[in-house]
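Enquirer: need a structure here:
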Amino acid sequence: MNTAHILLSLLPVIVITEATYKLWIPNTNFENASNWNEQRVPCSGDTAMFLRDKGVSVYVKSTHALTNLYLPLDGEFILPHGSGFLAASRDDPECNQGTSVNFNDADRHQWLDPTLWSSALSPEDLEIGRFLFSVDVENIPCHNDDVIFSPETSFRVQLKETESANQLRSISVLGKKFTNNEDFSQYLKSPSGKLQFSGLAQPQITNSRCQDSTGCLCGNDGMFRDICSARLQYTRNKCPEATCANPLQPIGHCCAICGVIISLEYSSTFNLETYRSRLLHAFLSLMKYSSIKLAISKVRSSSSIFSAVRLSEELIIQIVLIDGKEGSLAGSDALQLGKDILADIETHGETFGITKAEMQFATGGVTSPHQKPMSAGAISGIVIGTILGLSLIGVSYFLYRMDFCRLQDFQFFHYWRNGSRMRDTASTMDHRGFENPIFEPSEVSNQAADSGESDWKQITQPESGFQLSNPVFDSNFDV
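Expert: Below you'll find the model as predicted:
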């Protein structure tokens with residue numbers, strides 16, 4: 001089998017997608033039990049009450065018999081064929097409550113709440129529930145996304161003004177698709193548009209798609225604080241407590257996680273959708289990884305991930321892995337998958353245009369509170385560096401013993417061998433020093449001896465932040 005055939009066998013079927021599709025989850029349908037304060041749809045013995053001063057759009061799918069119905073001053077009821085309201089003419093044995101059931105305030109749903117959106121690679125995936133997992137900033141509509149409000153539903157969404165504009169590729173409302181600002185602005189001025197979209201802000205429709213095969217930035221970074229505030233509005237801005245000792249903070253995510261973050265550097269041949277397909281088909285299709293959620297996207301990193309020297313802003317590919325386990329097992333499956341992905345990158349990374357990789361992890365197991373995640377390359381580099389360091393010390397000591405070197409700089413070997421005896425006699429020494437039985441008599445000040453001990457400690461105790469090259473990749477790979 002030639003090389004071309006081998007490479008083709010490694011590549012999965014390429015998924016070509018123009019954008020990500022974002023579906024708005026909440027609705028204001030009459031038949032949705034979560035829209036009522038008693039978590040049930042009013043029946044014939046009940047009085048259905050809508051808030052007097054709250055505008056709302058309500059889709060009614062069927063016919064409902066009610067004792068009383070109180071409507072809002074500003075509202076609309078969308079009634080397809082065969083739906084409507086009837087006055088209850090007789091007692092219904094299945095509805096004997098006879099209470100007032102109140103419709104909840106529809107203004108509680110915010111556009112910027114990432115928990116209120118579902119993401120998929122196609123409208124078909126949205127229909128069958130094949131959703132994507134994303135970090136919070138990317139779970140609300142990004143600049144190149146298509147937004148869908150499901151047909152045969154009603155909704156009301158709060159639009160909040162932010163520091164950066166919320167841009168979209170397109171937006172579909174009740175089956176009608178808008179691809180430019182002019183048409184959408186006219187719709188927002190209509191009676192239905194005013195009831196469905198509240199607030200002064202307006203999404204900008206660009207009808208533009210991502211032209212970069214390596215992936216495009218979401219574009220929501222400037223709204224990060226507003227997004228997190230909307231997500232945590234019902235929890236007093238407190239994130240769920242992570243069960244691992246050192247939870248990770250993915251770029252663009254509001255809360256820390258137990259799991260894995262893999263950061264990739266890439267070449268111009270990298271294709272985000274091709275590699276996403278690789279991960280989905282080669283790993284997430286396996287039964288042992290069925291509980292794992294995977295997010296992959298291009299992000300802007302202002303920190304130095306791969307080098308302690310470069311501090312400039314750079315674009316990387318971020319992969320986030322979390323699993324459904326809790327307690328001491330939280331993140332354990334994600335860690336195993338992370339190791340498998342790194343091993344796959346070592347073998348096939350060049351084929352997919354991946355030049356460098358680093359993994360950080362945090363699991364629910366017992367770990368040191370100050371332990372920092374370390375990549376596989378860093379571990380290998382430290383081992384090799386330690387071996388080289390010991391070899392250098394051994395060679396130097398051999399030259400000293402063979403009398404090839406008579407440099408004063410090698411004086412620390414004598415201090416190393418006789419350190420304990422020197423400390424015992426240090427108090428009896430005068431300022432002239434002592435006679436060395438190996439070297440010629442010389443004067444060594446106490447200050448020099450003290451500095452020798454300090455230098456040796458500095459050599460044997462490198463800083464904890466020191467990192468070495470990863471031998472798996474090329475020699476230019478800074479971990």
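Enquirer: residue 214 is in contact with residue 264, isn't it?
Expert: No - Residue 214 lies out of contact with residue 264 (CB atoms under 8 Å); the separation is 10.4 Å. Just so you know, the C-beta spots here come from the backbone N, C-alpha and C atoms, and that holds for glycine as well.
Enquirer: which one's more surrounded, the two?
Expert: It is residue 264, of residue 214 and residue 264, that has more neighbours when counted by other CB atoms under 10 Å, with 24 against 18.
Enquirer: who are the contact partners of residue 299?
Expert: In this structure, residue 299 makes contact with 217, 251-252, 315-318, judged by CB atoms under 8 Å, 6 or more residues apart in numbering.
Enquirer: can you pick the most crowded of the residues you listed?
Expert: Of the contacts of residue 299, residue 252 is surrounded by the most neighbours, 24 neighbours in total, counting by other CB under 10 Å.
Enquirer: quick one, phi psi at it?
Expert: Phi and psi for residue 252, reported as degrees, to the nearest 10, are phi 90, psi 0.
Enquirer: make sure it is actually in contact with residue 221.
Expert: Yes - taking contact to mean CB under 8 Å, the distance of 7.3 Å between residue 252 and residue 221 places them in contact.
Enquirer: shared neighbours of these two, which are they?
Expert: Common neighbours of residue 252 and residue 221, using CB under 8 Å, 6+ apart, are residue 137.
Enquirer: follow-up on the earlier one: which residues are common contacts for residue 214 and residue 264?
Expert: Shared contacts of residue 214 and residue 264, defined by CB under 8 Å, 6+ apart, comprise residue 317.
Enquirer: which one among the contacts of residue 299 gets closest to residue 26?
Expert: Nearest to residue 26, judged by CB to CB, of those is residue 252 at 22.8 Å.
Enquirer: which residues of the stretch 201-350 of the chain score low on pLDDT?
Expert: Per-residue confidence for the stretch 201-350 of the chain (pLDDT under 70) gives these ranges: 302-313.
Enquirer: ranges for the helices of it?
Expert: Using DSSP state H, counting those that start in this stretch, the helices of the stretch 201-350 of the chain run over 224-231, 272-279, 332-348.
Enquirer: repeat that for the stretch 1-150 of the chain.
Expert: With DSSP H, counting those that start in this stretch applied, the stretch 1-150 of the chain shows helices at 3-10, 123-128, 136-139, listed in chain order.
Enquirer: weakest of the ones you listed in terms of mean pLDDT?
Expert: Among these, helix 3-10 has the lowest mean pLDDT, at a mean of 40.
Enquirer: quick one: residue 161 from residue 169, how far?
Expert: Applying CB to CB, to the nearest Å, the value for residue 161 to residue 169 is 21 Å.
Enquirer: between the two, tell me which one has more neighbours.
Expert: Neighbours around residue 161 and residue 169, counted as other CB under 10 Å, are more numerous at residue 169. The numbers are 22 against 11.
Enquirer: surely that one is in contact with residue 209?
Expert: Yes - taking contact to mean CB under 8 Å, the distance of 6.4 Å between residue 169 and residue 209 places them in contact.
Enquirer: need the residues touching each of the two.
Expert: When CB under 8 Å, 6+ apart defines a contact, the residues bordering residue 169 and residue 209 alike are 19, 144.
Enquirer: which residues in the stretch 151-300 of the chain form strands?
Expert: Ranges of strands within the stretch 151-300 of the chain are 157-158, 167-168, 170-173, 176-178, 197-198, 204-205, 259-266, 293-301, based on DSSP state E, counting those that start in this stretch.
Enquirer: what helices or strands is the second one leaning on?
Expert: With contacts defined as 3 or more CB pairs under 8 Å, 6 or more residues apart in numbering; DSSP states H and E, the packing partners of strand 167-168 are strand 204-205.
Enquirer: what residues does the strand it packs on touch?
Expert: For strand 204-205, with CB under 8 Å, 6+ apart as the criterion, the contacting residues are 165-171, 178-181, 184.
Enquirer: what is the burial count for residue 79?
Expert: Burial of residue 79, expressed as a neighbour count using other CB under 10 Å, amounts to 16.
Enquirer: and for the one 3 residues further on?
Expert: By other CB under 10 Å, the residues close to residue 82 number 8.
Enquirer: kindly report the same for the one 3 residues further on.
Expert: Neighbour count for residue 85, taken as other CB under 10 Å: 14.
Enquirer: the residue nearest to residue 353 when sequence neighbours are not counted and residue 296, how far apart?
Expert: For residue 353, ignoring the flanking residues on the chain, the nearest one in space by CB to CB, 6 or more residues apart in numbering is residue 270 at 3.2 Å. Taken as CB to CB, the spacing of residue 270 relative to residue 296 amounts to 12 Å.
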